[in-house]
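K.L.:
following is a predicted model, sequence given first.
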Amino acid sequence: MAPVSMATLDISFKPERAHLRRPKRGVIAERVVPQAVRGRYRRLKWAALILCLTIYYILPFVRWERGPGQPGQAVLFDMERGRLYAFFIEIWPQEVYYLTGLLVLATLVLIWINAVAGRIWCGYFCPQTVWTDLFLLVERAIEGDRRERLKKRDAPLTVRRILEIGLKHAAWILVSMATGGAFVLYFADAPTLVGDMVTGRASAIAYAWVVILTGTTYVLAGFAREQVCTWMCPWPRLQGAIWDPEALTVNYRDYRGEPRGSAKKAAELRAKGEPAGDCVDCLQCVNVCPIGIDIREGPNFACINCGLCVDACDGVMAKLDRPRGLIDYEAWANIERERSGQPARRRVVRTKTVALGLAIVALAAAMGVGLALRGDAKIAVIHDRNPVAVRLSDGRTRNGYTVRLYNKADNERSFRLAVSGLTDAAIEVVGHDAAVSVASDATRELRVLVSSAEGERRSIAFVATDLASGRAVTAQDMFIPSEGGR
């Protein structure tokens, strides 16, 4: 593959191309007005939209039985109790590393998807894409398709036009309110919160977040659209580092389409034995693009791989009785191979994709095993900072610790504290006997003093044993001897 191919990747596209006109000097380009299109990839996008919106709006109302005193919502970010519930999984604040692992896993999956099919996530499942498609559906239903909307944009206002604009924005606001309202349902019991919000009994914070999310959805999906995908989202900026010429991305077969010309002109050139491309320069691929780029100019980081230009071009080729695929999901490396007369090679399975896939499986497996093997009790220890150690009158050294016991079970439990690693250790739980009770689904903080005649720094283990079951949990810390005493 010629190195110039990667060097010419561009993101500095001109959105005004989608309007077939350039703005006057000093005037900001008008936002993209994409045209509706039909085809296999448009149907896939509708299916993705329906799936994503169904999950988003229905999931808060799915029930999951966890036992007495536990929330019955399948997915819940319980801010009051500091818990994250996801069906059979319960994450405590002290287990935030699972969320960190989930973020790392999501990043690896996105990079793997990019290596296989470019920005396919952006084109089908990204929330910005889903809600932009929904807003465009409303806009087309009220104002008409691209040509009608462009005519109305420059036409003088009439009563009917004002009603159309008002109806469109009212529908957008309703969708935005439903979006913001559904989001807050993930942070409280959904049926209860819906009733409280309707009757005005919900908290001011709940209403504030609905307003904030309504505003952001309305602005981003109604007005920012392609600007979010191109300039606000960091993903296009990463394409320079992770772009893969073997990934199945939307590309234009320029060796087949050039030189461009009308169907009549192409027929005349071919009759004369002169070269003529299949592209008739109809600009349908540009008109349907939600980002407003011209894929015929070469690979572009702003392309979200939605495939709408493929549908538009295939429709034109079908009408002209020419083979489909002038614009298609194809690896850029294959475009160059075909241009030079070499056969195309699909290399979805290669070192990069296999390595990323194995990393995803390994991380997911590690997190799954960790969740499966974790217990319903935990102990955490923090050594005192000042003083680190105290010399007692009998010559022994005493260290102080803050010990926190976690009881994740549904019943109250009693634990007996002990310390190992010191031959003559004496442990004192301030204000308690060695046995300490911890309420169900709660934590308890204890002040613990450990004394010993040891004169060397030693690693010790705090052991909390459940008196009912005999199971024990441990936490490591240090015992530090006094240096001169106090």
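P.N.:
In hand now; what should we look at? All values derive from a computational prediction rather than experimental measurement. Numbers count the residues shown, from 1 in each chain.
K.L.:
backbone torsions only: list them for the spatially most central residue of the chain.
P.N.:
Among the residues of the chain, the one closest to the centroid is residue 106, at 7.0 Å (CA atoms, centre = their mean). When read as degrees, to the nearest 10, the backbone of residue 106 gives phi -60, psi -40.
K.L.:
got it, and residue 252?
P.N.:
Dihedral angles (degrees, to the nearest 10) for residue 252: phi -110, psi 130.
K.L.:
my read: it touches residue 330, true?
P.N.:
No: Residue 252 is beyond contact range of residue 330, at 9.3 Å (criterion: CB atoms under 8 Å). C-beta: built from backbone N, CA, C; applies to glycine.
K.L.:
those two: which is more packed in?
P.N.:
Neighbour tally, residue 252 and residue 330, criterion other CB atoms under 10 Å: the higher count belongs to residue 252, 24 against 20.
K.L.:
how near is the more buried one to residue 90?
P.N.:
Remark: distance between residue 252 and residue 90 (CB to CB, to the nearest Å) = 50 Å.
K.L.:
ok, residue 64 next?
P.N.:
In this view, residue 64 and residue 90 are 11 Å apart by CB to CB.
K.L.:
the strands in the chain, which residues?
P.N.:
75-78, 83-86, 89-91, 248-252, 327-331, 377-383, 390-391, 397-407, 413-420, 426-429, 435-438, 442-452, 458-466, 472-479 (DSSP state E).
K.L.:
for residue 138, which of these is the nearest?
P.N.:
Comparing those against residue 138 with CB to CB, the closest turns out to be strand 248-252 (26.0 Å).
K.L.:
put the alpha carbons of that closest one into PDB.
P.N.:
Output of strand 248-252 as PDB, limited to C-alpha atoms (Å, rounded to 0.1, in the frame of the first residue of the first chain):
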ATOM      1  CA  LEU A 248     -14.200  -2.400   6.800                       C
ATOM      2  CA  THR A 249     -15.100   1.300   6.400                       C
ATOM      3  CA  VAL A 250     -17.200   3.200   4.000                       C
ATOM      4  CA  ASN A 251     -15.000   4.000   0.900                       C
ATOM      5  CA  TYR A 252     -15.400   5.100  -2.700                       C
END
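K.L.:
which positions in that strand come out as buried?
P.N.:
248-252 (16 or more other CB atoms under 10 Å).
K.L.:
closest to residue 180 among the residues you listed?
P.N.:
residue 250 (32.8 Å).
K.L.:
okay, the nearest residue to the closest one once chain neighbours are set aside: pLDDT?
P.N.:
Excluding its sequence neighbours, the residue lying closest to residue 250 (CB to CB, 6 or more residues apart in numbering) is residue 305, at 5.4 Å. Residue 305 carries a pLDDT value of 94.
K.L.:
pretty sure residue 305 contacts residue 118?
P.N.:
Yes: assessed by CB under 8 Å, residue 305 is found in contact with residue 118 at 4.7 Å.
K.L.:
so between these two, which is more surrounded?
P.N.:
Higher neighbour count among residue 305 and residue 118: residue 118, with 27 against 21, using other CB under 10 Å.
K.L.:
state the distance from the more buried one to residue 304.
P.N.:
Applying CB to CB to residue 118 and residue 304 gives a distance of 9 Å.
K.L.:
that older thread, mind listing what the residue nearest to residue 250 touches?
P.N.:
Residue 305 makes contact with 117-120, 122-123, 249-250, 329 under the criterion CB atoms under 8 Å, 6 or more residues apart in numbering.
K.L.:
phi, psi for it please.
P.N.:
phi 60, psi 40.
K.L.:
could you check how far it is from residue 212?
P.N.:
31 Å.
K.L.:
and residue 459, by the same measure?
P.N.:
For residue 459, the distance to residue 212 equals 49 Å [CB to CB].
K.L.:
ditto for residue 91
P.N.:
Distance of residue 91 to residue 212, given as CB to CB: 25 Å.
K.L.:
the more surrounded of those two?
P.N.:
The neighbour count for residue 91 versus residue 212, taken as other CB under 10 Å, is higher for residue 91 (18 against 13).
K.L.:
list the contacts of that one.
P.N.:
Residue 91 sits in contact with 83-85, 98-99, where contact means CB under 8 Å, 6+ apart.
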